[in-house]
Each structure stands twice: as structure tokens, then as C-alpha cells.
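Engineer: Using only what follows, build the 3D model:
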Amino acid sequence: MNEYDSDKMADVMRAYDGMEQTDKPEEADVILFNTCSIREKAEEKVFSDLGRVRPLKLSNPDLLIGVGGCVASQEGATILKRAPYVDVVFGPQTLHRLPELIRARLDTGRAQMDISFPEIEKFDHLPTPQTRSGSAFVSIMEGCSKYCTFCVVPYTRGEEVSRPLADVMRDVNVLVEQGVQEVTLIGQNVNAYCGDTDDGDTVDFAYLLQAIAALPGIVRIRYTTSHPRDMSQRLIEVYATTPKLVSHLHLPVQSGSDRVLAAMKRGHTVLEYKSIIRRVRAARPDISITSDFIVGFPGETEQDFAATMQLIDDVGFDVSFSYLYSPRPGTPAAEMRDDTPLEVKSARLKRLQERITEQEAAVAESMLGSVQRVLVEGLSKKDVLELAGRADNNRVVNFAGSPGMIGRFAQVKITQIVRHTLRGELVGHHE
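Structural biologist: Here you go, the predicted structure:
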């Protein structure tokens, strides 16, 4: 989501004053920070990064510095107080107002701030999406209404608001016309999507996926991120009927303990989560399941953690994003008693990550010798003479090929496992 928002900020500045991105901060007329407040370290990094660009402002008083995203939403005026050289502060829902904030800053000489929640307004004011890639993000909704006790998202991005069906389809069609073959539908909780139609009705996420899959130019559809409470049977059935939907589901569970899930206010039990996975696998047997885990939530016992490890064994997750619990100001969990020593939590996290890594390796092993459909995303980070792309299950694959294949699909035979990536060789012609 933040990557999408960053791209949109660049689009807005390009449309506003013909600005182009530069990799050299010392050459910039405007420096924008897009921020995340999910975890504490990311928040502190904002002020550290602001300190790094302060000398640029001192040497060039005309330089404009802006802070956007969720930390801006959460901290607001505190940013201007701690870093008075910042010129504009804006939230995720007001990034489209950047030009008027900058104009007001230039006209008045005073720092400007807008961290309001104008719901879906920003999408009506963003420039037409532009991409040279074969893959693109499409935002279908904003915010979250689940109010998990550990999460700051509802307070920084607002409650769930879905974009109208016609608006989403228009964006997808524009991207298809530019050669995009894969779209990733994004939002804080995409499977809660409930979009208005032109005739006054509403459609769910399952309908949206099928509508996009019906477009001839679309080859592959991904989405992230989702919530177990919104994994409807209709959505699960799409996996059985819609081959364009990838064989990969990222479904955050956070814990394998019912007691902890209740304290997190997740709204589902371990049994319900496992039932969802069982039904998804019945619809799509080869699906890769990935998840999020929070280790060391306030009050987590060794027994609770053992239940999480049991869930990992039962489900067989491919990859996970796992973190130590980080208290976020203003969330209910931040007020909960937490007696578990940091070294105990860190040891648990290490055990969890080692187990997931073992499962990740087993999945990679099972892919050896198979032919995978890979969307070529660019040059390999390790070897510029090779290409890198993603298979349907989201695994990165590196292989020898010509740069002209970037943005297109290729059939690649997996020949080798190199740490967290796969290597392969091109077979036949790319699509």
C-alpha cells in the first residue's frame, strides 16, 4: 500500500509542475517522506531520516520537505514541532492535495498540515495511472474497521471505504491499454470490498475478481492484504473457477492461540482459520499460503506460543512476515500488562522464523524440475546479466534471458535453489 501511495505522490508532483524523480537528494526541489506507523522502529526512522536531510534545507532554504503517510496521520503537529524545517504534513487520504499544500506554503511562508480523512476523494483527483511494467497495483479500498487491539491502521487510515466498481474497472482497463498483464489489488483489507455499482447496487470482492478476470488483457491477478473474517465461501469458490487468480493467498493469522486471538480482538478462532485454509486448498490444491505473526503479544505464555508453533506445523505456511509485538500509542494493547522479558520473546521469534524457513525450503524443493509461469519484473539484483520475475506462488525466480522480455511472461524450468530465491532456465517461447 505504501509503495502504491509513493508512486501516486510522484504522479501528483509530475502532473502539478512537471517534476521528475531524482535519485540524488541534493538535486531535489522537493523531498517527500512516505511513512508507516505499524511498528515503532519505522516511526523513529522518520525523524532520523528527517535529520539527515536537514543540512540540505540549511544550504538551500527553497528546498521543500514533506512528510506523508501514517506517521503523519498519527503524529501531525508533533512532526512540525520536532522538525520545524518540515514544510508540509499530509496523511494517506490527502496526498492528492499536495499541490495546494505546497502552494499555500509558498504563498504564506507557513508550514501546512492536512491529515483529515476525506474518504474516497483522493482517487477522484489522482492522475491517470501510468506504468511501463507488465504488473501494476490497483487500490480498491482504504482503511480498516476491524479495530484489532494491537493495530493503529483504523486511526491513521480511517475505516473501510471501498471504491465504486466502475472506478476500479476503469483503472484496470487503462493499465491493460498500457500493456499491463498482471494486477495486484491492494488495500488494508481487500476481501472486505463492497463497491457501489452505477445502478445503485453493491458487489463483493468475489464479483470484482471475476469481473477483472473476464478482461482479455489480464493474465494474472493477485491481492493483498486480507482478513480471515472476510474470507467468504463465495471468495473461496473463485479459486476453483478463476485460473487467472494466482495460487497464492496471504492470510494473516497473528497467533495460533485462541486466548491471544481473543485479546487481539481478531474475531476468529484457530479452528475457523484452519477451516478456511482447508476449504481454500480443496478449491486450489497447489495454493501457497503465507501469513503474518506477532510474537510476544502482551500476556503471551509459553503455552500460547506452543499453540502458534502447532498451527504452523498444521497449516504448512510457505513464507511469513513475523515480528516482535510493538506497542502503538492509542491502541488498547498498549495499555495491557506485559511481563514477558524481551530475551524470551526474541528467542520465540527465532524459533518461529527457523520453522517457517524449513517449510519455505520444503516448498522450494518441491518446485525443482517444474516449469513455472514467471512474469519478468526486471534485471536480477545479484546478476545484471540475468532476469528476475515471480512465479504464480510469489516465489522470485532468476534466469538468463534478454531485457526485452521485461514486463512479459515466460515459461521457466526451476533448476536450483539459492537461499530464498530460485534459479531456472527459459523453456520454449515467452507469452
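
Engineer: Counting neighbours, show which residues of stretch 216-229 come out buried.
Structural biologist: Neighbour counts over stretch 216-229 (16 or more other CB atoms under 10 Å) mark 218-228 as buried. The C-beta positions use only the backbone N, C-alpha and C, and glycine is treated the same way.

Engineer: tell me the two of the residues you listed that are most distant?
Structural biologist: 219 and 228 (28.2 Å; CB to CB).

Engineer: Just the closest of the buried residues of stretch 216-229 to residue 393, please.
Structural biologist: Closest to residue 393, out of all of the buried residues of stretch 216-229 and judged by CB to CB, is residue 222, at 10.6 Å.

Engineer: ok but the closest one is inside a helix, no?
Structural biologist: No: looking at residue 222 with DSSP: H, G, I helix; E, B strand; the rest coil, it is strand, so not inside a helix.

Engineer: how much space between it and residue 183?
Structural biologist: For residue 222, the distance to residue 183 equals 7 Å [CB to CB, to the nearest Å].

Engineer: How about residue 3?
Structural biologist: Using CB to CB, one gets 14 Å for the distance from residue 3 to residue 183.

Engineer: Between these two, point out the one with more neighbours.
Structural biologist: Comparing residue 3 with residue 183 by other CB atoms under 10 Å, the one with more neighbours is residue 183, at 25 against 11.

Engineer: residues contacting that one?
Structural biologist: Contact analysis of residue 183 by CB atoms under 8 Å, 6 or more residues apart in numbering lists 135-138, 172, 175, 212, 218, 221-222.

Engineer: so of those residues, which ones are in strands?
Structural biologist: Secondary structure from DSSP state E places 135-138, 221-222 of these in strands.

Engineer: tell me which of those residues is nearest to residue 92?
Structural biologist: residue 137 (14.1 Å).

Engineer: Name the residues contacting each of residue 222 and residue 183.
Structural biologist: Common neighbours of residue 222 and residue 183 (CB under 8 Å, 6+ apart) do not exist.

Engineer: ok, residue 319 to residue 171 distance?
Structural biologist: For residue 319 relative to residue 171 (CB to CB), the value is 28 Å.

Engineer: What of residue 64?
Structural biologist: 29 Å.

Engineer: The host helix or strand of residue 399 pairs with which strands, and in what direction?
Structural biologist: Using DSSP states H and E, residue 399 sits in strand 396-400. Sheet partners assigned to strand 396-400 using DSSP bridges are listed as strand 386-390 (antiparallel), strand 421-426 (parallel).

Engineer: Just the buried positions in that strand, please.
Structural biologist: 396-399.

Engineer: any chance of the residues you listed in CSV, plus distance to residue 154?
Structural biologist: As requested, the buried residues of strand 396-400 are exported to CSV (distance: CB to CB, whole Å):
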residue, distance to residue 154
396, 32
397, 37
398, 39
399, 42
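
Engineer: For residue 60, see how far away the residue nearest to residue 94 when sequence neighbours are not counted is.
Structural biologist: In this structure, residue 94 finds its nearest non-sequential neighbour in residue 114, 4.6 Å apart by CB to CB, 6 or more residues apart in numbering. Applying CB to CB, the value for residue 114 to residue 60 is 25 Å.

Engineer: Over to residue 199?
Structural biologist: 54 Å.

Engineer: The two - which one has more neighbours?
Structural biologist: Set side by side, residue 199 and residue 60 show more neighbours around residue 60, with 12 against 5, by other CB under 10 Å.

Engineer: how near is that one to residue 79?
Structural biologist: Taken as CB to CB, the span from residue 60 to residue 79 is 20 Å.

Engineer: Please apply the same query to residue 98.
Structural biologist: Counting by CB to CB, the gap from residue 98 to residue 79 is 16 Å.

Engineer: Least confident secondary structure element in this protein?
Structural biologist: helix 121-125 (a mean of 70; mean pLDDT, DSSP states H and E).

Engineer: need the strands for the stretch 301-431 of the chain, in chain order.
Structural biologist: Listed in chain order, the strands of the stretch 301-431 of the chain (DSSP state E, counting those that start in this stretch) span residues 320-324, 371-379, 386-390, 396-400, 409-418, 421-426.

Engineer: Let me have the ones you listed in CSV, extended by mean pLDDT and distance to residue 93.
Structural biologist: Formatted as CSV, these follow (pLDDT from 0 to 100; distance: least, CB to CB, whole Å):
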stretch, mean pLDDT, distance to residue 93
strand 320-324, 95, 25
strand 371-379, 94, 29
strand 386-390, 95, 30
strand 396-400, 96, 32
strand 409-418, 96, 35
strand 421-426, 95, 36
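
Engineer: Throw the ones you listed into a markdown table and include distance to residue 16, thanks.
Structural biologist: Below are the strands of the stretch 301-431 of the chain laid out as a markdown table (distance: least, CB to CB, whole Å):
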| stretch | distance to residue 16 |
| --- | --- |
| strand 320-324 | 35 |
| strand 371-379 | 28 |
| strand 386-390 | 33 |
| strand 396-400 | 35 |
| strand 409-418 | 35 |
| strand 421-426 | 39 |
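
Engineer: Residue 107 is nearest to which of those strands?
Structural biologist: Closest approach to residue 107 among the strands of the stretch 301-431 of the chain (CB to CB): strand 371-379, 41.2 Å.
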